[in-house]
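# With the input below, show me the fold.
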Amino acid sequence: MAGLIKREDIDEVRQRTDIKEVVDGYVTLKGAGLGTYKGLCPFHDERSPSFTVRPQVGRYHCFGCGEDGDVIAFVQKQDHTSFHEAVEKLAARIGYELRYEDGGTGPNREEVGKRQRLLDAHKIADEFFRAQLLTPGAAEGRNFLHGRGFDRAAAEQFGVGYAPQGWDALLKHLRGRGFTDQELKLTGMFSEGNRGIYDRFRGRLIWPIRDIAGDTIGFGARKLYEDDQGPKYLNTPETTLYKKSQVLYGIDLAKRSIAKDRQLVVVEGYTDVMACHLAGIPTAVATCGTAFGTEHIKIARRLLSDDGTGGEVIFTFDGDAAGQKAALRAFEEDQRFTAQTYVAVEPTGADPCDLRQTRGDAAVRDLISTRRPLFEFAIRATLKRHNLDTVEGRVAALRESAPVVGQIRDVGIRPEYARELAGWLGMSVEEVSRAVAVAMKRAASGPPGAPGATAPGGAHTSAPTPQAGGPGVAAGPASGAVPSYHRPDPRDPVASMERQAIEVALQEPSLLGGGIWERFSAARFVTPAFQAVHDAMRASGPGLIGDPVRWVEQVMNEVPEPLRPLVSELAVVPLPASTEEAVQKYCKDILSRLFELQITRVKADKMGQLQRLDPAADPEDFQRLNRELMMLEMERRALRSDA
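I've put the predicted structure just below:
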């Protein structure tokens, strides 16, 4: 039974994982000051590196796009996994055994080991097939690729390989790498006969099918020879790794573009994916021997950040009856998205691969750009089933198409399509609108989850969430319930000094030990944003100042939500020092300046009190204030002397 990971284990994984090592797997990082590294941001296009990693505090921050977080957040965003999956992946990476709440369990260690053996076998097989494509025996496979407009570079980009003719080429190769027949039976790459197991893929062109993390989990094989009695395409059967209802070919190559462009293009085959990517549509994927269904939608929603703020899913289908049926089946699933869904159908029936061969890359891009809303396609397909030249046919068409119009989520364009439908049927707009309203009412009153039932909140009626004006800037609601923090003016010397003090306290919290914490905690910041961060530090307490990673994490939890990007930024910004000794001196100087400023403010307050006193009437208070002023001045001079 799966369970929640214990909080202390999450903290331990975060603490033990070197964020630089993890980020290095995706981004080329270079030193940018002591303990700080920079590289090109993986979350947006840029020419100058602004993506900054500070391993000491376990965080990253992009000064270009504002993306920030810890190592868990980085893995979530890069691999498009859930928080739970990211923690488990990082725990496995460092060999840490997680514990779970409520008696739940995580991945069984033995099962994890078996899974890794399967992944290893697939990786070796993938390399074997790719190497075979370059051998003389694979000439037919290379001819097939060439005939469809794919050169050697394209084959390498998509990992296309070749399975040799014969019965045991791959079997011998994997046995030679230490795999047992019992292990190989579980991979799906072998069939079993009276004499044992033999290669499932023989004399075929091979496409590796990878999961979203880029691990090969199965293969698709295309028939090349006439004497091959098998189907044109033969895929890996269902295994513990390969579940066709959860697999999208090309997702490993397309995931970043899908997330960046908020677009997913669904095509029908491996060569169509290749053609789209090479033609400039890097968001294309394909299902593997099954219709686009519920599990695929979960993947798409995760990549699109399908939260009601945009994004589009584009289905490409053949223009024949089967293609129309597939499009309508996709429309049935449309209501699971908040992204807009479209259909792109080539009138001649050509698929993207054919288009690229005959008319070039531009034709593929044109096909996608001329997409039509899927509900428009669904309405027109519904009308085609009826004889609109008769009264009976038009009435029947209205009854069937009105619920389709009613399912359109965008309340702004639903009435427009009601008017369009009225024109197509030759009926009045009022009559069609009434039919749509009745259909919507029936759907809404149906049982939860019933076909055609409108999900609560399904319509796009909510306004987009206002975005913050930048790190440290947040506009509160009109009610004033949440304070508004404005980005401090860098030209303000006091704000600049307070910023430097917060940077030091976040990045080198160990300097706050001993009596320094009391002095720092008592400090007063005049810049509202920095005062809020200081309040969060005081709320976090001194218990974590010896652990920079957990310290910053706790401050992030305590600070108001709008200021979290600012904290992330200040926690990773390079400090102006090139050696550890220089860093320590700089940090101590900044803290001394902060404390001296506090002393100066307190002295000013006491001087005001002193001036308002009558020495003759209040001699004791007068003497006390003078003594306190003298002590403050001595403290100030001591700070300067130490600095």
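
# sec struct for Val273, please.
helix (DSSP: H, G, I helix; E, B strand; the rest coil).

# contacting residues around it?
Contact analysis of Val273 by C-beta atoms under 8 Å, 6 or more residues apart in numbering lists Phe158, Tyr249, Gly250, Val267, Ala284, Val285, Ala286. All C-beta atoms are positioned from the backbone trio N, CA, C, and that covers glycine.

# Quick check: the farthest pair among these?
Phe158 and Val267 (13.4 Å; C-beta to C-beta).

# and those two? which has more neighbours close in?
Val267 (28 against 21; other C-beta atoms under 10 Å).

# State the phi and psi torsions of that one.
Torsion angles at Val267 (phi, psi; degrees, to the nearest 10) stand at phi -110, psi -180.

# hang on, it packs against Ala284?
Yes - counting by C-beta atoms under 8 Å, Val267 does reach Ala284; the two are 5.3 Å apart.

# Identify the contacts common to these two.
Looking at what touches both Val267 and Ala284 (by C-beta under 8 Å, 6+ apart), the common residues are Val273, Cys276, Pro352.

# Relative to Arg301, how far out is the second one?
Put plainly, it is Cys276. 21 Å (C-beta to C-beta, to the nearest Å).

# Can you give me the neighbour number for Tyr242?
22.

# Also Pro619?
Based on other C-beta under 10 Å, the number of other residues close to Pro619 is 11.

# again, but for Arg59
28.

# re earlier: now that we have the contacts of Val273, which of them are buried?
Taking 16 or more other C-beta atoms under 10 Å as the criterion, what is buried in the contacts of Val273 is Phe158, Tyr249, Gly250, Val267, Ala284, Val285, Ala286.

# Can you tell me which of these end up in strands?
Tyr249, Val267, Ala284, Val285, Ala286 (DSSP state E).

# Same drill for Cys276 and Arg301, tell me which one is more crowded.
Set Cys276 next to Arg301 and count neighbours by other C-beta under 10 Å: Cys276 wins out with 29 against 18.

# show me the contacts for that one.
Contacts of Cys276 by C-beta under 8 Å, 6+ apart are Val265, Val267, Pro282, Thr283, Ala284, Pro352, Val364, Ile368.

# got a pLDDT number for Ser462?
At Ser462 the predicted local confidence, pLDDT, stands at 31.

# re the thing from before, columns distance to Leu118 on top of the buried ones among the contacts of Val273, output as JSON lines?
Converted to JSON lines, the buried ones among the contacts of Val273 look like this (distance: C-beta to C-beta, whole Å):
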{"residue": "Phe158", "distance to Leu118": "22"}
{"residue": "Tyr249", "distance to Leu118": "19"}
{"residue": "Gly250", "distance to Leu118": "21"}
{"residue": "Val267", "distance to Leu118": "28"}
{"residue": "Ala284", "distance to Leu118": "27"}
{"residue": "Val285", "distance to Leu118": "23"}
{"residue": "Ala286", "distance to Leu118": "23"}
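
# In a markdown table, list these along with distance to Tyr242 and pLDDT.
Below are the buried ones among the contacts of Val273 laid out as a markdown table (distance: C-beta to C-beta, whole Å; pLDDT from 0 to 100):
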| residue | distance to Tyr242 | pLDDT |
| --- | --- | --- |
| Phe158 | 18 | 97 |
| Tyr249 | 12 | 95 |
| Gly250 | 15 | 95 |
| Val267 | 20 | 92 |
| Ala284 | 21 | 96 |
| Val285 | 16 | 96 |
| Ala286 | 15 | 93 |
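
# So, low pLDDT: which residues of the stretch 351-500 of the chain?
445-484 (pLDDT under 70).

# which residues in it form helices?
Secondary structure of the stretch 351-500 of the chain by DSSP state H, counting those that start in this stretch: the helices cover 352-359, 361-369, 374-383, 391-406, 414-425, 429-445, 493-507.

# Specify the stretch among those helices that is closest to Gly149.
helix 352-359 (4.9 Å).

# ok so, going back, could I get the helices of the stretch 351-500 of the chain as TSV with mean neighbour count?
Formatted as TSV, these follow (neighbours: other C-beta atoms under 10 Å):
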stretch	mean neighbour count
helix 352-359	21
helix 361-369	18
helix 374-383	21
helix 391-406	18
helix 414-425	17
helix 429-445	16
helix 493-507	21
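
# got CSV for those helices, with distance to Glu192 too?
Below are those laid out as CSV (distance: least, C-beta to C-beta, whole Å):
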stretch, distance to Glu192
helix 352-359, 34
helix 361-369, 42
helix 374-383, 43
helix 391-406, 48
helix 414-425, 54
helix 429-445, 50
helix 493-507, 60
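
# I'd like to know which of those is closest to Ala91.
Of the helices of the stretch 351-500 of the chain, nearest to Ala91 by C-beta to C-beta is helix 493-507, at 26.3 Å.
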